[in-house]
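> Here is a sequence with its predicted model. Questions after.
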Amino acid sequence: MSTEATLALLGTQAFIDGRWQPGDSAFDVINPASRERLASVEQPSLAQAQAAIDAAERALPDWRDRPAHERSALLRRWFDLIIANQEALARLLTSEQGKPLAEARGEVRYGAAFVEWFAEEARRVEGDIIPSAGRDRRTLVLRQAVGVCAAITPWNFPVAMVTRKIAPALAAGCSIVLKPAEQTPLCALALARLALEAGIPAGVFNVLPADSARSVEIGRLLCASTVVRHLSFTGSTEVGRLLMAQCAPTVKRLAMELGGHAPFIVFNDADLEAALDGAMLAKYRNAGQTCVCANRFLIQAGLHDAFVRGLTERTARLITGAGYEPGVQVGPLIDDAAVAKVMRHIEDARQMGARIETGGKTSGTGFVQPTVLSGVTPDMLIAREETFGPVAAIMKFETVEEAIALANASESGLAAYFYSRDLGQVWQVAEKLEYGMIGINTAAISYETVPFGGIKQSGFGREGSRYGLEEYVSLKYLCMAGL
Ligand code: ADP
């Protein structure tokens, strides 16, 4: 993290009302590859967190009432600054989160794309005129900013999870208070620094870094506030449920992007090489730590053995190490708890009869060897719980109906992938899978232009695309009579 450009982006205090504010205590941000301390970040007291909500409330009327092109221009300037600083941001990201630098660069560009997209969409928050119900009247719909919003984000995409909430909120005319993950506050603070430089007005975008205990307290404050009208959360289903309950008394609007358990289905007629390419991406990006990572590989009997062989060979060749080392493809897991969970899934599967084709062990502090398991069955932990690590669990199936039943046997409904070249089968399967996003013959599905989000216990609400803006807009119906 030592380059000058990266250090220039570093923020170690809360960003409230356009100013950096010393906190009442501090916590360490750790490099997950070396376990060294990267920075000590000061966290705001609860009174300061309340001051951030107050600042967002004060900033709202001016921001909301500006012509859309002004908000658009400021977002565009923020995008330009993110792009101008993309290498420094990518280095900061790898330092605090661990992913390989090439992936970090990709995330910064992906994250920036949301700012560019919503800078453009800001100018298209249009209303409707509805054919009138009576001669003397006209009926209209206004689309207005929801108001003060709150966002709570996870550590696995410290740039993109922030921009895809903040950019649409700002585009719609909302102000927002962000509580980033305790493991990765530095990217969020760097984004705030660039937003300040871009000229985004004081109070419109506030960032409250906090350790895990203070995060819980700040979460409670944001949920209980009657000023905060909307909470957008990305994280675990467990915390999502808790936040929904905490928001019930104030009847807040919510967007919940929660855990996934993606099935990755390969049918007999699939292009095996393409399926293997997709499998590597769907499984090992970010060391398996994404909510859209494949958690179950369902392979039809005709291709099963060849798929297991191919995936095992490719997996065994992966280079694991610190994200900033050249050539590394799989970085560390975020912390010891993550390693312990992944090892528990491997051990449980092994004990219940799965075969370890490659990997299966930890490798130095913080790393798990990329692992392939075959003979996985639905009763194993890995077939039911989100693993969030570099472990491919393979199950065999015979019929299409069996694959769909297996794939849908999950509380989660975020992403699913399948490979087939039969057009009829493609439609049938796509329509029957109970998931919010389906990759068909591809594992690359996330873009700023499309609606990202889940169904079932993976949550609700969409991020990115024109649908993503709807989260931050309220409809107001006007009935004008006496005309
Ligand atoms: P993960 O298991 O991936 O770390 P979490 O759901 O625990 O996911 O964390 C996602 C985000 O939610 C982080 O910013 C974290 O600080 C925050 N968080 C966790 N627990 C709470 C809580 N009780 N109230 C508010 N925020 C929370």
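Perfect, thanks for sending it.

> so how far is residue 152 from the one residue in the chain that gets nearest to the ligand?
Closest contact between the chain and the ligand, by C-beta to the nearest ligand atom, is at residue 219 (2.2 Å). For glycine as for every other residue, the C-beta is placed from the backbone atoms N, C-alpha and C. The gap separating residue 219 from residue 152 is 6 Å, by C-beta to C-beta, to the nearest Å.

> which one of these two has more residues nearby?
residue 152 (25 against 22; other C-beta atoms under 10 Å).

> Need phi/psi at the residue of the chain closest to the ligand.
phi -60, psi -40 (degrees, to the nearest 10).

> Which neighbouring residues are in contact with it, exactly?
Residues near residue 219 by C-beta atoms under 8 Å, 6 or more residues apart in numbering: 152, 179, 243, 246.

> Run through the chain and note the low-pLDDT ranges.
1-2 (pLDDT under 70).

> Tell me the residues of it that contact the ligand?
Counting by C-beta under 6 Å from any ligand atom, the chain comes close to the ligand at 152-154, 179, 181-182, 212, 215-216, 219, 235-236, 239, 242.

> Can you work out which residues contact both of residue 219 and residue 152?
The overlap between the contact sets of residue 219 and residue 152 (C-beta under 8 Å, 6+ apart) consists of 179, 243.

> Which secondary structure element is home to the most centrally placed residue in the chain?
Nearest to the mean C-alpha position of the chain, counting by C-alpha atoms, centre = their mean, stands residue 161 at 4.6 Å. Counting by DSSP states H and E, the element that carries residue 161 is helix 160-172.

> In terms of secondary structure, what does that helix contact?
Counting contacts by 3 or more C-beta pairs under 8 Å, 6 or more residues apart in numbering; DSSP states H and E, helix 160-172 packs against helix 68-84, helix 101-121, strand 148-152, strand 175-179, helix 185-198, strand 228-234, helix 465-470.

> can I get the ones you listed in CSV with distance to residue 369?
Shown next, in CSV, are the helices and strands packed on helix 160-172 (distance: least, C-beta to C-beta, whole Å):
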stretch, distance to residue 369
helix 68-84, 35
helix 101-121, 19
strand 148-152, 32
strand 175-179, 34
helix 185-198, 28
strand 228-234, 28
helix 465-470, 37
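
> Which among the ones you listed is found nearest to residue 320?
helix 101-121 (13.5 Å; C-beta to C-beta).

> From the residues of the chain next to the ligand, pick the one nearest residue 197.
Distance to residue 197 across the residues of the chain next to the ligand (C-beta to C-beta) is lowest for residue 153, with 21.2 Å.

> So the closest one is in contact with residue 180, correct?
Yes. Residue 153 is within contact range of residue 180, at 5.2 Å (criterion: C-beta atoms under 8 Å).

> shared neighbours of those two, anything?
Contacts common to residue 153 and residue 180, judged by C-beta under 8 Å, 6+ apart, are 162, 188.

> Provide the partner residues of the residue lying closest to residue 413 once chain neighbours are set aside in its beta bridges.
Counting by C-beta to C-beta, 6 or more residues apart in numbering, residue 456 is the residue found nearest to residue 413 once chain neighbours are left out, at 3.5 Å. Beta-bridge partners for residue 456, by DSSP bridges, are residue 412.

> residues near residue 456, how many?
17.

> Centre of the chain to the helix holding residue 161, how far?
Taking the mean of its C-alpha atoms, helix 160-172 sits 12 Å from the chain's own mean (C-alpha atoms, centre = their mean, to the nearest Å).

> With stretch 316-333 instead?
Mean-position distance between stretch 316-333 and its chain equals 22 Å (C-alpha atoms, centre = their mean).

> re earlier: residue 427 is nearest to which of the helices and strands packed on helix 160-172?
It's helix 465-470; of these, that one is closest to residue 427 (C-beta to C-beta) at 22.4 Å.

> Run me through the strand neighbours of the helix or strand following the closest one, direction for each.
Next along the chain after helix 465-470, taking DSSP H and E as the criterion, comes strand 473-480. In the sheet, strand 473-480 lines up against strand 138-145 (antiparallel) (DSSP bridges).

> buried residues in the partner strand?
Buried residues in strand 138-145, defined by neighbour count with 16 or more other C-beta atoms under 10 Å: 139, 143, 144, 145.

> what about dumping the CA coordinates of that strand to PDB?
C-alpha atoms of strand 138-145 as PDB (Å, rounded to 0.1, in the frame of the first residue of the first chain):
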ATOM      1  CA  ARG A 138     -56.000  15.100 -14.600                       C
ATOM      2  CA  THR A 139     -54.000  12.300 -12.900                       C
ATOM      3  CA  LEU A 140     -50.300  12.500 -12.600                       C
ATOM      4  CA  VAL A 141     -47.400  10.600 -10.900                       C
ATOM      5  CA  LEU A 142     -44.300  12.300  -9.600                       C
ATOM      6  CA  ARG A 143     -41.200  10.300  -8.800                       C
ATOM      7  CA  GLN A 144     -39.400  12.000  -5.900                       C
ATOM      8  CA  ALA A 145     -36.400  11.300  -3.800                       C
END
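
> All further residue positions should be reported with the first residue as 152.
Done: numbering now begins at 152, and the last item shifts to strand 289-296.

> And the contacts of it?
Counting by C-beta under 8 Å, 6+ apart, 211, 215, 276-284, 323-325, 623-631, 634 sit against strand 289-296.

> Would you mind listing which of those residues are buried?
211, 215, 276, 323, 324, 325, 623, 624.

> beta partners for the nearest residue to the third one once chain neighbours are set aside?
The shortest distance from residue 276 to any non-neighbouring residue, by C-beta to C-beta, 6+ apart, is to residue 294 (5.3 Å). Counting by DSSP bridges, residue 294 forms beta bridges with residue 626.

> For the residues of the chain next to the ligand, pick the one with the most neighbours.
Most surrounded of the residues of the chain next to the ligand: other C-beta under 10 Å gives residue 304, at 28 neighbours.

> What's the separation between that residue and residue 254?
For residue 304 relative to residue 254 (C-beta to C-beta), the value is 18 Å.

> Much appreciated, bye for now.
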